[in-house]
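Peer 1: Provided below for reference: sequence and predicted model.
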Amino acid sequence: MSEKSSLPGLTRQSITFAKTFAKRMDARVKPAHDELGIGVFTMKRRDFITLLGGAALALPRVARAQDRVRRIGVLMGHTESNRETGQARLAAFREGLQKLGWAEDRNIRIDLRSATPDVEVMQRLAKELVALQPDLILSHNTPTTAALLQQTRTIPIIFVIVADPVGAGFVASYPRPGGNVTGFTVMEPTLAGKWLELLKEVAPRIRRVALLYNPATAPYAEIYLNSFKAAAASFAVKPIEAPVRARSGLEVVIAAQAREPNGGLVVMPDTFTTAHRADITSLGARYRLPAVYPYRYFTELGGLLSYGNDPLDNFRRAASYADRILKGAKPSELPVQAPVKFELVINLKTAKALGLDVPLHLQQRADEVIE
């Protein structure tokens with residue numbers, strides 16, 4: 001913030017500018033001589049004040065822009081049934097902004113749009129946000145980011161939960177994104193192997209494991225599938241792809257996996273599985289199928305265990321990139337960030353219902369144990 005001068009509406013910066021400028025304004029200054037005959041310059045007070053006013057108008061636009069309210073668009077990929085989850089994540093983003101000096105009703109305005117997993121709905125809402133011409137847009141996940149990039153290649157975009165930003169064509173590389181988008185990824189190369197390892201620890205007799213996902217909302221599925229298949233051999237299990245394109249297909253897949261003994265399930269993170277997490281965990285319990293989930297809210301609904309990146313942490317970290325962009329940084333110069341916080345949650349009540357004994361060492365490693 002510029003230091004104020006004693007003249008209303010003027011700063012020391014503008015006065016310094018005016019004095020420098022005055023030296024070049026021969027038409028407004030008159031030569032004179034002091035007692036020793038040395039030439040000096042004099043200026044009428046009215047001319048000087050007029051000059052100062054012009055200097056204030058000539059200040060860089062960036063300095064004046066700090067005083068205006070900045071606009072942030074937010075496109076979330078949650079349905080009405082997931083409103084609570086979306087609110088918690090947006091609250092984490094707001095909290096991060098406040099710690100950096102940005103607050104609503106003071107210097108920022110947040111325009112929120114929440115979309116269903118339907119691609120057409122996301123595209124319509126993305127178009128609405130871009131039409132508002134915000135200073136930047138916070139994008140929830142892969143589908144919302146794809147929808148936004150169809151609408152703008154100039155407005156800065158920060159994605160928060162994206163598995164494969166390079167493969168999706170969002171960025172050129174992690175260290176040098178290029179273009180108008182950067183953000184935070186949730187993918188760690190060994191994650192699918194970790195899911196299988198945990199499943200084998202709690203259910204050692206499993207021999208077949210299905211990986212559940214929706215191809216429409218998980219275009220990055222190949223990354224998880226490749227890691228999943230590579231790890232399966234080392235754990236002596238048969239990997240099974242289980243794509244589902246509608247809610248009605250969930251029971252078909254889970255029932256088929258439970259039909260034969262020693263089956264298990266891994267649920268891939270995507271907006272479809274998140275939106276239908278209550279159905280998935282309920283079906284897993286009904287068919288007594290041991291399953292590993294990507295986020296803690298599956299386990300809180302009765303899922304056996306979950307392991308993955310903490311989404312709230314990514315939303316808090318996204319605030320730091322928003323701060324830098326609002327202060328002039330370009331997304332192309334901000335590297336894509338890998339996940340740093342993972343959490344393991346175990347539901348002992350569910351384990352007991354499935355007749356499984358969770359090893360003590362695994363319980364001790366858990367961030368939370370639900371009893």
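Peer 2: Yep, that arrived.
Peer 1: which residue is nearest the middle of this structure?
Peer 2: With distances taken as Cα atoms, centre = their mean, V160 lies nearest the centre of the chain, 1.6 Å away.
Peer 1: and that one, what element?
Peer 2: Per DSSP states H and E: V160 is located in strand 157-162.
Peer 1: quick one: mean pLDDT over that strand.
Peer 2: Averaging pLDDT along strand 157-162 yields 96.
Peer 1: what's the answer for stretch 217-227, then?
Peer 2: Mean pLDDT, stretch 217-227: 90.
Peer 1: just checking, the residue nearest to the centre of the chain touches S139?
Peer 2: Yes: counting by Cβ atoms under 8 Å, V160 does reach S139; the two are 6.9 Å apart. For glycine as for every other residue, the C-beta is placed from the backbone atoms N, C-alpha and C.
Peer 1: list residues touching both of those two?
Peer 2: Shared contacts of V160 and S139, defined by Cβ atoms under 8 Å, 6 or more residues apart in numbering, comprise G183.
Peer 1: residue boundaries of the helices in the stretch 101-250 of the chain?
Peer 2: Remark: helices assigned in the stretch 101-250 of the chain by DSSP state H, counting those that start in this stretch are 119-131, 142-149, 191-202, 221-232, 248-259.
Peer 1: now the ones you listed in CSV, with distance to I155?
Peer 2: Output for those, formatted as CSV (distance: least, Cβ to Cβ, whole Å):
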stretch, distance to I155
helix 119-131, 6
helix 142-149, 8
helix 191-202, 31
helix 221-232, 27
helix 248-259, 36
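Peer 1: break the protein down into its domains, please.
Peer 2: 12-65, 70-187+311-333, 191-309+342-370 (automatic domain parsing).
Peer 1: so in this protein, where's the weakest helix or strand by average pLDDT?
Peer 2: Ranked by mean pLDDT, DSSP states H and E, the weakest helix or strand in the chain is strand 39-42, scoring a mean of 40.
Peer 1: next, the contact list for K127, please.
Peer 2: Residues near K127 by Cβ under 8 Å, 6+ apart: Q151.
Peer 1: revised request: answer the last question for V340.
Peer 2: 313, 317.
Peer 1: wait, a helix at it?
Peer 2: No: per DSSP: H, G, I helix; E, B strand; the rest coil, V340 lies outside any helix segment and is coil.
Peer 1: how close does it sit to F159?
Peer 2: Noted for V340: a distance of 16 Å to F159, by Cβ to Cβ, to the nearest Å.
Peer 1: what's the burial count for A216?
Peer 2: A216 has 17 neighbours, counted by other Cβ atoms under 10 Å.
Peer 1: look up how far L334 lies from the closest residue to V166 other than its chain neighbours.
Peer 2: Once flanking residues are discounted, V166 sits nearest to S173: 6.4 Å by Cβ to Cβ, 6 or more residues apart in numbering. Taking Cβ to Cβ as the measure, S173 and L334 are separated by 12 Å.
Peer 1: likewise M268?
Peer 2: For M268, the distance to L334 (Cβ to Cβ) stands at 28 Å.
Peer 1: okay, those two: which has more neighbours?
Peer 2: Taking other Cβ under 10 Å, M268 and L334 do not tie; M268 has more neighbours (25 against 20).
Peer 1: pLDDT score for the more buried one?
Peer 2: At M268, pLDDT is 95.
Peer 1: residues in contact with the nearest residue to it once chain neighbours are set aside?
Peer 2: Nearest residue to M268, sequence neighbours excluded (Cβ to Cβ, 6+ apart): Y213, at 3.8 Å. Neighbour list for Y213: 221, 224, 242-244, 267-268, 270, 272-273 [criterion: Cβ under 8 Å, 6+ apart].
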